[in-house]
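Trainee: Have a look; sequence and predicted model below, questions after that.
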Amino acid sequence: MTAPAARAGADGSAAPVAPSDALRWWLAGLFGLWFLALAWEPSDRKTWLLENLLSFPLAIWLIASWPRVALTRTSYLLLFGFLALHEIGSHYTYSLVPLPDWLRLGEGRNHYDRAIHFAFGLVFTRPIAELLSRAVHHTSKRLVVSLSVAVILALSTCYELLEWGAAVITDPEQGIAFVGAQGDIWDAQKDSGLALLGALLCAAWLFATSGWTADHWPTPSKEKNAP
């Protein structure tokens with residue numbers, strides 16, 4: 001099954017298209033192999049399990065909901081890239097990911113976790129905007145993008161609360177490894193701030209591009225009836 005041809009949007013621009021089934025299985029297969037490779041002898045098995053409490057169910061949901069959710073090809077590729085990077089952090093634990101000294105910015109701190117929080121906002125804003133645009137039946141970029149940025153900030157804050165809860169419930173050593181604050185008392189605020197910055201940059205990208213609003217994003221019903 002091949003991807004349907006792009007449709008014109010309300011502004012006359014070419015619309016993004018839904019990905020083909022072939023891409024779904026390629027991404028699913030590549031992620032499955034990547035996941036299994038990095039699940040083998042991680043630095044800390046308990047921390048690895050905590051790190052994958054959300055990411056693994058998300059990956060399963062993306063594969064299982066493919067025909068119904070119908071995100072764009074760009075969104076699926078962005079999400080695949082994010083999950084692949086997250087699995088690296090899960091394997092080593094984020095504070096121990098091997099990075100060259102120049103990426104530590106002379107601080108001695110491992111900033112891989114900060115990069116992933118930034119990537120979360122940068123990557124997830126677009127698929128959230130696609131889902132919200134269909135949910136609210138509104139094609140206004142201002143409304144959809146503003147809501148998407150707000151959702152990113154809310155999710156990032158909820159994740160920080162989840163980390164705190166895990167640190168309280170589990171033993172202190174595992175909790176500290178999962179939180180990954182590395183001695184920074186403002187770690188949670190910086191992580192959420194970087195997620196917000198990523199979301200704002202993605203929002204700027206969405207504002208600068210056309211062909212992404214609800215009237216011509218691929219949907220299951222539209223793809224089914226597409227010529």
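Mentor: Alright, I've got the coordinates. Residues are numbered from 1 along each chain as shown.
Trainee: mind listing what the residue nearest the centre of the chain touches?
Mentor: The geometric centre of the chain, computed from its C-alpha atoms, lies nearest to F124 (CA atoms, centre = their mean), at 4.3 Å. Going by CB atoms under 8 Å, 6 or more residues apart in numbering, F124 touches L79, F82, I152, L155, A199. Any C-beta I mention is one placed from the backbone N, CA and C, and that applies to glycine too.
Trainee: same deal with H91?
Mentor: Per CB under 8 Å, 6+ apart, neighbours of H91: L38, A39, P42, S43, W48.
Trainee: Same check on G198?
Mentor: Counted by CB under 8 Å, 6+ apart, G198 has contacts H117, F118, A119, F120, G121, L122, V123, T125, I152.
Trainee: Would you point out the most distant pair within these?
Mentor: Longest distance between any two of those is 13.2 Å, between H117 and T125; criterion CB to CB.
Trainee: Okay, buried residues for the longest helix belonging to the chain please.
Mentor: Assignment by DSSP state H gives helix 141-169 as the longest helix of the chain. For helix 141-169, the buried set under the neighbour-count rule, 16 or more other CB atoms under 10 Å, comprises 141, 144-145, 147-149, 151-153, 155-157, 159-160, 163, 166-167.
Trainee: ok so, going back, taking the contacts of H91, tell me the two that lie furthest apart.
Mentor: A39 and S43, at 11.9 Å, using CB to CB across those.
Trainee: Could I get the full set of helices for the protein?
Mentor: 21-39, 45-64, 66-69, 73-92, 112-135, 141-169, 172-179, 187-208, 220-225.
Trainee: any chance of those in CSV, with mean pLDDT and distance to P100 too?
Mentor: Output for the helices of the chain, formatted as CSV (pLDDT from 0 to 100; distance: least, CB to CB, whole Å):
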stretch, mean pLDDT, distance to P100
helix 21-39, 91, 20
helix 45-64, 88, 23
helix 66-69, 80, 37
helix 73-92, 93, 14
helix 112-135, 91, 12
helix 141-169, 85, 27
helix 172-179, 56, 22
helix 187-208, 90, 20
helix 220-225, 43, 44
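Trainee: got TSV for those, with distance to L99 too?
Mentor: Output for those, formatted as TSV (distance: least, CB to CB, whole Å):
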stretch	distance to L99
helix 21-39	16
helix 45-64	17
helix 66-69	34
helix 73-92	10
helix 112-135	6
helix 141-169	21
helix 172-179	17
helix 187-208	16
helix 220-225	41
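Trainee: So which of these is the most surrounded?
Mentor: Per residue and on average, the most neighbours among the helices of the chain fall to helix 112-135, with a mean of 22 (mean count of other CB atoms under 10 Å).
Trainee: sorry, back to before: which two in the contacts of F124 are spaced the farthest apart?
Mentor: Maximum distance among the contacts of F124 (CB to CB): 14.7 Å, for L79 and A199.
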